[in-house]
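Asker: Got a sequence here, can you build the structure:
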Amino acid sequence: MFKKIGFVVLAVVLSACSNNGVQNGSVSENIRLENSTTNDSSVKINVERVLTPAENISHVHGVSVDPNDDSKLYIATHNGLFLLENDSDLFKVGNSSDDFMGFSAHPTLSEKFYASGHPKTGGNLGVLESNDSGQTWDMISMGLDRPVDFHAMDINIADANVLYGFYGELMKSLDAGKTWNVVPTPFSQVISLVSDSQDANVLFANTQFGTFVSRDQSDNWSLLSPQLESVMVSDMAIARENNKQMLSFSKELGLARSLDGGISWNSLESDLGVVMKFAESTKNSNTVYATTMDSKIFKTIDFGDNWTQVL
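Answerer: Below you'll find the predicted structure:
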C-alpha cells in the first residue's frame, strides 16, 4: 500500500516544497590557518568553510558523497545546500537558500558542484557552478535559449566535461555546462538521470514510465528491463567499482537490486518508505545513501541488505 500512495504523492513533491530546519543562531566557522607566518607582518589565511548548524532538511532534490572524503554527504534541497558530516552533524552550506532542483557533484573534485532550479525571488537559475564546495555559486550558462530549471541533472562519471539536464526535454553539454544542445528521446517526464560508473557512453533515464538506457551517449535509447517498464522509477545507484551492481526504487518493485547491470531485479525487504535519491560512495562500492520522501536519510554498507537511519 505504501508504494501506491507514495508514488501518487511523488508527482506533487517534485514541484512543491516547504521550509527547512536551519537553526537560528551563530554561524559555525571552521577556519584553518595554513602556512601562517609573521614575516613582513603578513599572515596567510585559508578559510576552509562557513557552515550553519541545522536540525533537519526537507524536500531533497539531490545527494552526493564527497569523492575524497566518505564522511561528507552533500544534500541539495528546496532551501539550498546542506552537509551531513560523520552521519551525525548537519549544516547549511553557504548563504544561498535557492531551490536546487537539479544537483550534480564532480566525480573527482570535492570542491566542484553543478546545480539548477529556482531562485527565492522567482524565475529560473540557469546552470550554476560552485568551485568552493557550495559556499558560492555562479551562473555559467542560461542553458538553451532561456534560463533553464533542470529538475534532473547528471555529470558523466567517466568524462566530467559531459553534463546532462532535463527541462521539458533532455539537454547535453560537452564543455562542462557552458553550451547545451537538445537530445531527442522517446520518453518525457524524467525524474532522474544516472551515468554509468565506468562507461562514459552509458546513461540511464528514470521516468514515470520506466527506466531507459542509452549506450552511445544519448543518441539511441531502449528500455533497460521488462521489470522496470511502464512504472515510475525515482532513482538508481550504480556501484563505482562494479557497474553490474545496481539499486533502484520503483512503484512496481520498491527497493530492488540487480547484479547483472539492470537486466534482472530482485526486490529487497526494507522499511525505508519511498526512496527519492541515492548517493554512492566512491571509496566503498557497498556503501550507499538513500533519501526518502519524508526527508529521512538511510545508509547501507552491504549494498542494500541492511540499512541504518543517519538523519
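Asker: Each with direction, which strands does the biggest strand by length in the chain pair with?
Answerer: Counting residues, the longest strand found in the chain (DSSP state E) is strand 46-56. Partners of strand 46-56 in the sheet, by DSSP bridges, are strand 21-22 (antiparallel), strand 28-32 (antiparallel), strand 89-93 (antiparallel).
Asker: any idea which of the ones you listed scores lowest on pLDDT?
Answerer: Per-segment mean pLDDT for these reaches its minimum on strand 28-32, at a mean of 39.
Asker: Which helix or strand in the chain has the lowest average pLDDT?
Answerer: Taking mean pLDDT, DSSP states H and E as the measure, the chain has strand 28-32 as its least confident helix or strand, at a mean of 39.
Asker: Restricting to C-alpha, output the longest strand of the chain in PDB.
Answerer: What follows is strand 46-56, C-alpha atoms only, in PDB (Å, rounded to 0.1, in the frame of the first residue of the first chain):
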ATOM      1  CA  ASN A  46      42.700  29.900   4.200                       C
ATOM      2  CA  VAL A  47      39.000  29.900   5.100                       C
ATOM      3  CA  GLU A  48      38.000  26.300   4.800                       C
ATOM      4  CA  ARG A  49      34.300  26.600   5.200                       C
ATOM      5  CA  VAL A  50      31.500  28.500   6.800                       C
ATOM      6  CA  LEU A  51      28.600  26.400   8.000                       C
ATOM      7  CA  THR A  52      25.400  27.000   9.900                       C
ATOM      8  CA  PRO A  53      24.200  24.200  12.200                       C
ATOM      9  CA  ALA A  54      20.800  22.800  11.200                       C
ATOM     10  CA  GLU A  55      18.300  20.400  12.800                       C
ATOM     11  CA  ASN A  56      16.700  18.800   9.700                       C
END
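Asker: The helix or strand just after it - contacts with which helices or strands?
Answerer: Sequence-wise, the next helix or strand downstream of strand 46-56 (DSSP states H and E) is strand 60-65. Contacts defined by 3 or more CB pairs under 8 Å, 6 or more residues apart in numbering; DSSP states H and E place strand 60-65 against strand 72-77, strand 99-105, strand 113-118, strand 275-280, strand 288-292. Backbone N, C-alpha and C define where each C-beta goes, glycine included.
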